[in-house]
Each structure stands twice: as C-alpha cells, then as structure tokens.
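Asks: based on what follows, work out the 3D shape:
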Amino acid sequence: MNSYLHIILSTSAVFFFIMIVFRIFGKTELAQLSITDLVFVLLISNAVQNAMVGPDTSLLGGLVAASVLFFINMVLKRIKYRFPIFKKFMEGEPVILVYKGVINKANCRKVGITEDEILETIREHGSDSVDEVNSVILEADGNISVVSNEYKHHSIRKIKRRKTS
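Replies: Sure, this is the predicted structure:
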C-alpha cells in the first residue's frame, strides 16, 4: 500500500509541475504544436513517467498513476467552472494581437508570436492581409481567432435587420 501512496503523491507532484511549467512558458505551446513541440511533449511525458511510478512498473501501478491524473483533471475542471478567477489564473486571458488591421507588436512580443505567424493564421482563415481583419485574438486555450471585417459587417447587418422586424 505504501508504494501506491508514493505513486499518488509523485503523480500529483509531476502533474502540477508540468502544468505550472506550461503556464509559465505560454499558451501557444499547446494549441499550435510544431514538430519540435510535439517531440518535446512526447519526451517530457517519457522523462516524467519513472518519476510518477518509480520502480513499480506493474499494471496496477500504471492504473493508479492514470487514475490520479484523471482525478486531478476532473477536480481542476470543476474548480475552474465554479471559480472563474481560478480559471483566469490557471489559463490566462485572451490577448489581442491585431485590432482594426493594426498588429499589436507589444502583445505579440509578450506571447512570443511573430508577425509571420499572424499573417499565416490570417491566410488560413481566408483573408489575404492584416488590413482585411478586424481582430486576431490569442485565446486563453491557445487557439487563435480571426474576425474579418467582412464577418463583422455581416453580423451588424443581421442585428439591424432583427431590430427593425
């Protein structure tokens, strides 16, 4: 039983360590994995495996570690749901990268996104240039949202039509 308590405590410590490190190094690490990032994540998981289960490589030891990970994840999701301030602390807030066709270079530097990456994302969303977008936002989950000027105009027209009906 003592070895399973060790697995529970070690797995918990590794989980929180990895979570804190990803929070410190930025949200783009998760949503936009390059080949290098993917290899990094795979190697990190392999590097910490032994720290979680120690010498116990049994099926039960692995299941205990996996159960602890699922449990911690479930508890954190419930806490984030009930306490939005905790969610904001754990995940951060959206960051505006482009507003009304102008790149916010300070925010881009802060989150480590280059102008080329913004332009690539804009093209992936069907626009040709920064001038064609109203905003580009790095969401708290690491995804990048692009709101084109065309979309905004359509939305405004639909809202105005509803009000006059």
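
Asks: where exactly do the strands run in the protein?
Replies: When secondary structure is read from DSSP state E, the chain shows strands at 95-99, 102-103, 133-138, 144-148.

Asks: want to throw those strands into JSON lines with distance to V64?
Replies: In this view, the C-beta of every residue, glycine as well, is placed from N, C-alpha and C. Output for those, formatted as JSON lines (distance: least, C-beta to C-beta, whole Å):
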{"stretch": "strand 95-99", "distance to V64": "38"}
{"stretch": "strand 102-103", "distance to V64": "49"}
{"stretch": "strand 133-138", "distance to V64": "37"}
{"stretch": "strand 144-148", "distance to V64": "38"}
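
Asks: what would these look like in JSON lines with mean neighbour count, distance to T114 and mean pLDDT?
Replies: Below are the strands of the chain laid out as JSON lines (neighbours: other C-beta atoms under 10 Å; distance: least, C-beta to C-beta, whole Å; pLDDT from 0 to 100):
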{"stretch": "strand 95-99", "mean neighbour count": "19", "distance to T114": "11", "mean pLDDT": "93"}
{"stretch": "strand 102-103", "mean neighbour count": "12", "distance to T114": "10", "mean pLDDT": "92"}
{"stretch": "strand 133-138", "mean neighbour count": "22", "distance to T114": "13", "mean pLDDT": "91"}
{"stretch": "strand 144-148", "mean neighbour count": "18", "distance to T114": "13", "mean pLDDT": "87"}
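
Asks: who's in contact with I7?
Replies: Residues near I7 by C-beta atoms under 8 Å, 6 or more residues apart in numbering: M52, V53, G54, D56, G61, V64, A65, V68.

Asks: name the nearest residue to it, sequence neighbours excluded.
Replies: Distances taken as C-beta to C-beta, 6 or more residues apart in numbering place V64 nearest to I7, at 4.9 Å, with adjacent residues excluded.
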